[in-house]
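[1] When you get a sec, could you give me coordinates for this:
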Amino acid sequence: MADSASGEERRGTKRRKRSRRANPDGTMTLIEHIYEFRRRLGFALLAILAGGIIGFLWFQTRVGPIPSLGDIMTGPYCGIPPERRLGGQPGHCQLLQTVPFEAFMIQLKVGLAAGAVLFAPLWLYQIWAFIAPGLYSKERKYALTFVFFASILFAAGAILAYLLIPHALELLMNFGGDQFITALTGDKYISFILSLLLIFGVSFELPLFVVMLNRVGVLKYQTLKKWRRGLIMVVFVFAAFATPGSDPFSMLALAGALVVLLELSIQIARFHDRKLDKERGTEGWDKLADDEAAPFDYTPSTIDEEPSAATNGKRTSTDDVT
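    Numbering: from 1, shown residues only. You can find the predicted model right below:
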């Protein structure tokens, strides 16, 4: 009975540690941080697993007007003209399975990927709940903004990649002329689709990192302006190596989109730095030398010796303050 009571007391203490009201500064010991990380990681994995189960069932099930996940993934392949595909029959579109259980593993992999995307707010919240107690209010505001725009940019990059896949496949299939017919295996085709979606989604986060680095003062607009040509060159080289297909269409599309987003981030940095320079001019800090102290008031505040309402008529002594 005593062990049960002590267990309940420990669980209550842990809940109070995680409570913002009982523990406003989020202080924890190293062991408590490890336990909290394990708890948050477990919840995140459960969310991904639940999403994977839903994605696995959705792979072959149509949900109202929403097509099945399998139809969505094979859509670009089915867009190839029938005479260029194995089988060559209109309305007949199937991928090639070369080993047993390949279809099952593909369905499982695609389901987990779709579930991770659909349930992203749940597992991202667990990551956020773990790191938020160690951040200031301003840092939490920046972090929430970062997560919001990162999700939008990742989705935009994945959608752009999906729209470009049919054109890339058509271009690649036309190189062989009439001497070749397309018979894609399911594993390689799905891996190609997922890798392209992931690469485009992650690549679209690059301008967001530029903006955030400018916000915290690491990258200035003048530096970005001086590096603009070199950054554009790096973007094209990155797109050439990052795209899994050997077609120039995907490479140029990714590079072009990244250049537009990079230029947008540079202009955002320009307006931000201009605003900071205006504020520094108003305060008179722009005229200070590098070795000159900022015009702060360093005079310590004095202690009011008269009784105040906050002390209920009691005089506050210097010893009490110290």
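[2] could I have stretch 202-220 exported to CSV, CA atoms only?
    Output in CSV follows, covering the C-alpha atoms of stretch 202-220 (Å, rounded to 0.1, in the frame of the first residue of the first chain):
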residue,chain,number,x,y,z
VAL,A,202,13.3,20.1,-48.0
SER,A,203,14.9,22.4,-50.7
PHE,A,204,12.0,24.9,-50.3
GLU,A,205,13.1,25.4,-46.7
LEU,A,206,16.4,27.1,-47.8
PRO,A,207,14.9,30.6,-48.2
LEU,A,208,13.3,30.3,-44.8
PHE,A,209,16.7,29.6,-43.2
VAL,A,210,18.1,32.7,-44.9
VAL,A,211,15.3,34.9,-43.5
MET,A,212,15.7,33.5,-39.9
LEU,A,213,19.5,34.0,-40.0
ASN,A,214,18.9,37.6,-41.1
ARG,A,215,16.4,38.1,-38.2
VAL,A,216,18.9,37.0,-35.6
GLY,A,217,21.6,39.2,-37.1
VAL,A,218,23.8,36.4,-38.6
LEU,A,219,23.3,37.4,-42.3
LYS,A,220,22.9,41.0,-43.3
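[3] So what's the gap between it and the chain middle?
    Distance of stretch 202-220 from the chain centroid (C-alpha atoms, centre = their mean, to the nearest Å) equals 13 Å.
[4] Run through who's touching that stretch.
    Residues from elsewhere that reach stretch 202-220 (C-beta atoms under 8 Å, 6 or more residues apart in numbering): 142, 146, 149-150, 153-154, 156-157, 221, 224, 238-239, 242, 254, 257-258, 261-262, 264-266, 268-269, 272-273. Every residue, glycine included, has its C-beta placed from N, CA and C.
[5] Next: stretch 255-262.
    Stretch 255-262 has contacts (C-beta under 8 Å, 6+ apart) with 153, 157, 160, 203-204, 206-207, 210, 231-232, 235-236, 238-240.
[6] burial measure for T98, as a count.
    Using other C-beta atoms under 10 Å, T98 is surrounded by 9 other residues.
[7] check contacts around it.
    Counting by C-beta under 8 Å, 6+ apart, T98 has contacts T185, D187.
[8] Does N214 fall in a helix, a strand, or a coil region?
    Of the three states, N214 takes helix under DSSP: H, G, I helix; E, B strand; the rest coil.
[9] Likewise for P166?
    Going by three-state DSSP, the secondary structure assigned to P166 is helix.
[10] mind showing which ranges of this protein have poor pLDDT?
    1-28, 85-91, 135, 138-139, 174-182, 244-247, 280-281, 283-322 (pLDDT under 70).
[11] Please enumerate the helices of it.
    2-18, 30-58, 69-78, 102-118, 120-131, 137-173, 186-203, 206-215, 221-226, 228-242, 248-283, 318-321 (DSSP state H).
[12] ok, back up a step: can you flag the buried ones in the contacts of stretch 202-220?
    Among the contacts of stretch 202-220, those scoring as buried are 146, 150, 153-154, 157, 221, 224, 238-239, 242, 254, 257-258, 261-262, 265-266, 268-269, 273 (criterion: 16 or more other C-beta atoms under 10 Å).
[13] Going by neighbour count, list what's buried in stretch 99-112.
    By neighbour count on 16+ other C-beta under 10 Å, the buried set for stretch 99-112 is E102, I106, Q107, K109, V110, G111, L112.
[14] and that stretch, how far from the chain's centre?
    26 Å.
[15] Can you give me the end-to-end span of stretch 125-137?
    End-to-end span of stretch 125-137 (C-alpha to C-alpha, to the nearest Å): 17 Å.
[16] Can you give me the buried ones in it?
    Those buried within stretch 125-137 under the rule 16+ other C-beta under 10 Å are Y125, Q126, W128, F130, P133.
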